[in-house]
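J.: next come a sequence and a model predicted from it.
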Amino acid sequence: MKLTMQLKRRSYDIILKAGCLANLHQFTNVQDRKVFVLTDSGVPARYAQTIADQCPAATVYTIPQGEGSKCLKVYGQILQAMLDFGMDRKDLLVAVGGGVVGDLGGFCAASYMRGIDFVNCPTTTLSQVDSSIGGKTGLDLGETKNIVGAFWQPKVVLVDFDTLATLPRRHIVNGLAEALKTGLIGDPQLFALFEENDPEKNLEQIVYRSLKFKKKIVEQDERESGLRACLNFGHTIGHGIEAVRGVRGRRTTGLYHGECVALGMLPMIEDPALLKRVRAIYRTLGLPTRTGANKARVLEFMQHDKKTRGDHITVIKCPGLGCWRADNLPTAELPQLLGLE
């Protein structure tokens, strides 16, 4: 399967095929330039090596696994390694891993020598259904997620379904939560895959439909000036929950990003019947339905969300299956939204 992202300034292909990591050389030039392959310690080393083996001049750079690597310190270390490798403006960075590697690698590519080519190779369900396309790159500052970054589109995205075979089930489900988000706000047929079938037996179709929807949104609003905000459904509360209970930094236990987004979606679903159906899907998948987090602390982090403007914040609500609405709420109403009042 192939999707082509059409943007104002350029277009690029999204290749969805088992084994496509071995075909990088078919989709971008790796012969006449240096290739910096960025990965992390949680990704099987053979994936990055598959990329490096196709390139006459390549190096593999491995960062520690986890959200804690999306920081200024690691960002600086990567840039220094790129400089030490002798890279110039014609060279290429290839990110091989999940969302952390993709976000960080994309930002390094965007900022090194004011921008070099970038290829994204997502290896987790979460990154394949969501963060692999769209051009958002970034770092965290302290507990505030993705507050530093740039829009930098890849040259090509290689979605290799074979990489999902090494993921633990919880990581598979973590990504399915983001796909369910897409079904709720814009694709009832995708939502049906969660209700009528075993989602884990339909991973390729779920990834394809998720990317197809996101592609449509990003093509209309690349820089998130309007329509693209719908993709934040579940994220405003979810990021607050993640700051308090997420697996990040030195915290090795807690909730993953998709699990936090899943919890963040529940208060935003306005149709009681649909909310009941979603809770049933959560139980089938093993997603949490209660945060177990201190809501006052969640609220505190929500107030620092990048979607906050003064004393107002934009939240995305789901009034019914396949539709969404952006509400600009006074931050004073957030406690009620979280059930604090």
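T.: The structure has been received and is ready for your questions.

J.: run a quick neighbour tally on A45.
T.: 12 (other Cβ atoms under 10 Å). Any C-beta I mention is one placed from the backbone N, CA and C, and that applies to glycine too.

J.: and if you look at P288?
T.: P288, neighbours per other Cβ under 10 Å, totals 16.

J.: before we move on, what about R277?
T.: So R277, with other Cβ under 10 Å, has 17 neighbours.

J.: now it: which helix or strand?
T.: helix 272-285 (DSSP states H and E).

J.: do the same with Y75
T.: Judged by DSSP H and E, Y75 forms part of helix 72-84.

J.: just the mean pLDDT for stretch 243-252, thanks.
T.: Taken as a whole, stretch 243-252 has an average pLDDT of 77.

J.: what does it rub up against?
T.: Identification of contacts with stretch 243-252 by Cβ atoms under 8 Å, 6 or more residues apart in numbering yields 66-68, 140, 143-145, 242, 253-257, 260, 291-294, 297-298, 301.

J.: and the buried ones among those, selectable in PyMOL?
T.: A single PyMOL command selects the buried members of the contacts of stretch 243-252 (16 or more other Cβ atoms under 10 Å):
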select buried, resi 66+67+68+140+143+145+242+254+255+256+257+260+291+293+298+301
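
J.: let's see which of the contacts of stretch 243-252 end up in strands.
T.: D140, T144, K145 (DSSP state E).

J.: what does the pLDDT read for the last one?
T.: Spelled out, that is K145. 81.

J.: again with the first one
T.: D140 is assigned 91 on the pLDDT scale.

J.: please shift the residue numbers so they start at 308 in all later answers.
T.: I'll keep to 308 as the first residue from here, and by that count the last item is D447.

J.: K624 contacts D578, doesn't it?
T.: No. Using Cβ atoms under 8 Å, K624 is not in contact with D578; the gap is 10.3 Å.

J.: so for these two, which residue has more residues nearby?
T.: With neighbours defined as other Cβ under 10 Å, K624 and D578 compare such that K624 has more, 18 against 14.

J.: a strand runs through that one, doesn't it?
T.: Yes. Counting by DSSP: H, G, I helix; E, B strand; the rest coil, K624 is found in a strand.

J.: next up, the contacts around it.
T.: Counting by Cβ under 8 Å, 6+ apart, K624 has contacts F540, M575, I576, E577, W631, R632, A633, D634.

J.: show me what it bridges to in the sheet.
T.: R632 (DSSP bridges).

J.: could you measure it against G406, distance?
T.: The spacing between K624 and G406, counted by Cβ to Cβ, to the nearest Å, is 25 Å.

J.: quick one, helices of the stretch 408-557 of the chain?
T.: 432-433, 476-493, 495-503, 510-527, 542-552 (DSSP state H, counting those that start in this stretch).

J.: by contact count, what packs against the helix or strand where V344 lies?
T.: With secondary structure defined by DSSP H and E, V344 is part of strand 342-347. Secondary-structure packing of strand 342-347 (3 or more Cβ pairs under 8 Å, 6 or more residues apart in numbering; DSSP states H and E): helix 352-359, strand 365-370, helix 379-391, strand 399-404, helix 406-418.

J.: put together a markdown table for the ones you listed, with distance to E507 on each row.
T.: Formatted as a markdown table, those follow (distance: least, Cβ to Cβ, whole Å):
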| stretch | distance to E507 |
| --- | --- |
| helix 352-359 | 21 |
| strand 365-370 | 29 |
| helix 379-391 | 32 |
| strand 399-404 | 21 |
| helix 406-418 | 20 |
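
J.: quick one, which of those is nearest to V463?
T.: Distance to V463, taken as Cβ to Cβ, is lowest for strand 399-404 among the helices and strands packed on strand 342-347, at 9.7 Å.

J.: that closest one pairs with which strands?
T.: Strand 399-404 has these strand partners (DSSP bridges): strand 342-347 (parallel), strand 424-429 (parallel).

J.: the first one - what's its average pLDDT?
T.: By that I understand strand 342-347. The model assigns strand 342-347 a mean pLDDT of 98.

J.: what are the buried residues along that strand?
T.: Those would be V342, F343, V344, L345, T346, D347, for strand 342-347 by 16+ other Cβ under 10 Å.

J.: give me the pLDDT for the spatially most central residue of the chain.
T.: Closest to where the C-alpha atoms of the chain average out (Cα atoms, centre = their mean) is S438, at 2.9 Å. pLDDT recorded at S438 is 89.
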